[in-house]
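Visitor: Kindly generate the corresponding structure for this input.
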Amino acid sequence: MTGERAFIERLRGLATDPAARNLADDAAVLEVGGETLVLTHDMMVEGVHWLPGQDMADVAWKLVAVNLSDLAAKGARPLGVLFGYMFGDQNERFIDGLGDALAAFDVPLLGGDTVSGGPPQSLGLTAIGQATHRPVPSRSGAQPGDALWLTGPVGAAMMGYEALRDSTGADSEAYRRPRPLLAEGHALAPHVTAMMDVSDGVLLDASRLAEASGVTIDIATEKVPVAAPEHRRADALRWGDDYQLLFTAPDGQQPPVSAHRIGTVLPPGAAPLVLNGAPTALGDSLGYQH
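Guide: Residues are numbered from 1 along each chain as shown. So this is what the prediction gives:
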């Protein structure tokens, strides 16, 4: 067994509770006492999700933001977070950034755990939310004939990462301090057939949405808004960390938030994703995978 995909396939045999959604979604959806809770957990590792020596205040912000982005994709209202922290060289700066994020997104810290270890330093956070609409949006509801939409441009995080890595002085905020689209997710939840956030690249995540829904998605690549030079378009479509919302809705339905139509949902074909009407090339990397 090698690779992330194979590992998750084995885990599906253990995650049999309906709340796990067959491990094919951004979050678990748990019915408790008449309420619907949405739970998600993401990890970050030094050298993979942030640059060695990067300001840990930014890392703390990002740790909170990426988990809240999963709640946004469910249209959920954040109730609180718990985090796991491995001690490193900038513990005070991490607390500073954590406080900034909790205040910015109006979410309470409920607890967590601390350990020694590393390098590299690794962190984890669990976010708990309350559904604002039922059924809670999933990746698996896209239907042939639906339109595929994206809330905003991709590629800004890629450009920010390169600016930070190369110390150019250019704006790196999109990479350092992404913002979860909680209000947009809340507004979209009653109207979408499927929804997820873009964390590993719009092409790869669209492919995942198509697989979960049992359909094929055709993306018109020139219609995808890109926050990067045009000659970097292909890179921007495969780079992650943008945290835009990717969703499907019935054709002809205008979303209640600003969004760009970038494709169409087709009946299932030989591949879950086609680009400009043509299947993706064998071996073509669609995005980031561990």
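Visitor: The stretch 51-200 of the chain: helices as residue ranges?
Guide: Per DSSP state H, counting those that start in this stretch, the stretch 51-200 of the chain carries helices over the ranges 56-72, 91-104, 156-166, 173-176, 182-188.
Visitor: Turn the ones you listed into TSV, including mean pLDDT.
Guide: Below are the helices of the stretch 51-200 of the chain laid out as TSV (pLDDT from 0 to 100):
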stretch	mean pLDDT
helix 56-72	98
helix 91-104	98
helix 156-166	97
helix 173-176	97
helix 182-188	98
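Visitor: any idea which of these is most buried?
Guide: Across the helices of the stretch 51-200 of the chain, averaging neighbours per residue (mean count of other Cβ atoms under 10 Å) puts helix 56-72 on top, at a mean of 26. All C-beta spots, glycine's among them, are computed from the backbone N, C-alpha and C.
Visitor: and the direction of it versus that of helix 156-166, what angle?
Guide: 170 degrees (axes from the mean of the first three to the mean of the last three Cα atoms, to 10 degrees).
Visitor: outside of stretch 94-104, which residues touch it?
Guide: Contacts to stretch 94-104, defined as Cβ atoms under 8 Å, 6 or more residues apart in numbering, come from residues 55-61, 63-65, 81, 83, 85, 88, 108-109.
Visitor: circling back to that earlier point, out of the helices of the stretch 51-200 of the chain, the one nearest residue 222 is which?
Guide: In terms of Cβ to Cβ, the element of the helices of the stretch 51-200 of the chain nearest to residue 222 is helix 156-166, at 18.2 Å.
Visitor: Show me what that closest one is packed up against.
Guide: helix 173-176 (3 or more Cβ pairs under 8 Å, 6 or more residues apart in numbering; DSSP states H and E).
Visitor: Can I get the helix it packs on as PDB, trimmed to CA atoms?
Guide: This file holds the C-alpha atoms of helix 173-176, laid out as PDB (Å, rounded to 0.1, in the frame of the first residue of the first chain):
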ATOM      1  CA  GLU A 173      -0.800  37.400   2.100                       C
ATOM      2  CA  ALA A 174      -2.900  34.900   0.100                       C
ATOM      3  CA  TYR A 175      -0.500  32.200   0.900                       C
ATOM      4  CA  ARG A 176       0.300  33.200   4.500                       C
END
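Visitor: Start the count at 190 instead of 1 going forward.
Guide: With 190 as the first residue, the last one maps to helix 362-365.
Visitor: Check which helices and strands it sits against.
Guide: Using 3+ Cβ pairs under 8 Å, 6+ apart, helix 362-365 is in contact with helix 245-261, helix 345-355.
Visitor: Contacts for it, please.
Guide: 243-244, 247, 250-251, 345-350, 352-353, 416, 430-431.
Visitor: and the gap between the residue lying closest to residue 421 once chain neighbours are set aside and residue 333?
Guide: The shortest distance from residue 421 to any non-neighbouring residue, by Cβ to Cβ, 6 or more residues apart in numbering, is to residue 344 (6.7 Å). Remark: distance between residue 344 and residue 333 (Cβ to Cβ, to the nearest Å) = 29 Å.
Visitor: Between these two, point out the one with more neighbours.
Guide: Shown here are residue 344 and residue 333; by other Cβ atoms under 10 Å, residue 344 has more neighbours (24 against 14).
Visitor: so the more buried one touches residue 419, yeah?
Guide: No: taking contacts as Cβ atoms under 8 Å, residue 344 lies outside contact range of residue 419: 10.4 Å.
Visitor: What's the local residue count around the nearest residue to residue 402 once chain neighbours are set aside?
Guide: Nearest residue to residue 402 in three dimensions, chain neighbours excluded: residue 331, at 3.8 Å (Cβ to Cβ, 6+ apart). Using other Cβ under 10 Å, residue 331 has 28 neighbouring residues.
Visitor: And for residue 214?
Guide: Count around residue 214 with other Cβ under 10 Å applied: 24.
Visitor: Can you verify my assumption that it contacts residue 326?
Guide: No: Residue 214 is not in contact with residue 326 according to Cβ under 8 Å; the separation is 9.1 Å.
Visitor: and residue 341, what is it in contact with?
Guide: Contacts for residue 341 (Cβ under 8 Å, 6+ apart) come out as 414, 431, 433, 447-449.
Visitor: list the buried ones in stretch 414-434?
Guide: Using 16 or more other Cβ atoms under 10 Å as the test for burial, stretch 414-434 gives 414-417, 421-422, 424-434.
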